[in-house]
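A.B. asks: build the 3D model from these lines:
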Amino acid sequence: MKISMSKTREQFPLSEKKIIKKTIKVNLVLDIIVLVIWIIAAVTIGFSGGASVGVLGVTTVAALVFLTLFFLVTYLYQKWYWSVYFYELTDDFIIIKKHPITPTEITIPYERVQDVYVDQDLLDRFFGLYDVHLSSATVSSGIEAHIDGVEKQAADGLRKALLETVQRRISKNRNQNLNTNSVN
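C.D. replies: Residues are numbered from 1 along each chain as shown. Predicted coordinates for the structure are as follows:
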């Protein structure tokens with residue numbers, strides 16, 4: 001797999017811990033669902049008599065094989081997702097491209113950025129990962145406009161670079177507007 005790199009991703013890299021974190025997050029939900037189904041099956045088989053205990057063993061092995069295969073597929077998908085994840089801070093825009101199967105791209109002009117913040121969910125905290133969010137007036141900014149899975153130094157650096165560029169662009173536009181208004 002070729003990794004989608006940019007100057008920005010090289011300077012503020014995604015952590016490979018993101019692959020494991022996302023794999024665990026997806027699998028944790030499925031593990032709980034399978035465990036609940038297995039407990040229900042075990043209780044049902046227990047009430048039906050001892051002759052069905054072999055069925056419980058087969059069910060247990062099948063569940064473990066299924067969960068192992070699902071874990072492997074999820075891990076490979078997350079590795080693919082990580083490799084195609086692209087973000088770049090250009091002179092005019094912030095570009096973020098995600099998702100290997102159904103690619104999405106969000107391009108935000110610096111002038112539209114209203115806030116840049118860093119956060120963590122519970123698993124991020126465990127793995128030492130951070131998400132850098134860009135807020136704008138669009139609906140998609142809350143959903144897609146973030147770079148997730150960077151370590152503390154990269155998150156702080158990205159936030160600082162974004163805020164400095166946004167401030168510089170806003171100041172430049174204000175100066176242009178003042179010059180245009182003074183000419184009129």
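A.B. asks: got the domain boundaries for the chain?
C.D. replies: What automatic domain parsing lists as the domains of the chain is 7-83, 89-174.
A.B. asks: what's the most buried one of the ones you listed?
C.D. replies: Neighbour counts (mean count of other CB atoms under 10 Å) averaged over each of those peak at domain 89-174, with a mean of 16. Backbone N, C-alpha and C define where each C-beta goes, glycine included.
A.B. asks: need the distance between the two termini of it.
C.D. replies: Domain 89-174 stretches 21 Å from its first residue to its last (CA to CA, to the nearest Å).
A.B. asks: and residue 126, that one's in a helix?
C.D. replies: Yes. Counting by DSSP: H, G, I helix; E, B strand; the rest coil, residue 126 is located in a helix.
A.B. asks: contacts only, for it.
C.D. replies: residue 21 (CB atoms under 8 Å, 6 or more residues apart in numbering).
A.B. asks: the nearest residue to residue 4 once chain neighbours are set aside and residue 99: what is the separation?
C.D. replies: Leaving aside its chain neighbours, residue 4 sits nearest to residue 86 (4.0 Å; criterion: CB to CB, 6 or more residues apart in numbering). Remark: distance between residue 86 and residue 99 (CB to CB, to the nearest Å) = 11 Å.
A.B. asks: can you check residue 20 too?
C.D. replies: Taken as CB to CB, the span from residue 20 to residue 99 is 19 Å.
A.B. asks: give the contact list for residue 154.
C.D. replies: Shown in contact with residue 154 (CB under 8 Å, 6+ apart): 12, 13, 14, 15, 130.
A.B. asks: now render the residues you listed as CSV, adding pLDDT.
C.D. replies: Below are the contacts of residue 154 laid out as CSV (pLDDT from 0 to 100):
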residue, pLDDT
12, 95
13, 95
14, 95
15, 96
130, 97
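A.B. asks: would TSV of these with distance to residue 61 and secondary structure be doable?
C.D. replies: TSV is the format used below for the contacts of residue 154 (distance: CB to CB, whole Å; DSSP: H, G, I helix; E, B strand; the rest coil):
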residue	distance to residue 61	secondary structure
12	45	coil
13	41	coil
14	37	strand
15	35	coil
130	40	strand
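A.B. asks: switch those residues over to JSON lines; also include distance to residue 58.
C.D. replies: Shown next, in JSON lines, are the contacts of residue 154 (distance: CB to CB, whole Å):
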{"residue": "12", "distance to residue 58": "50"}
{"residue": "13", "distance to residue 58": "46"}
{"residue": "14", "distance to residue 58": "41"}
{"residue": "15", "distance to residue 58": "40"}
{"residue": "130", "distance to residue 58": "44"}
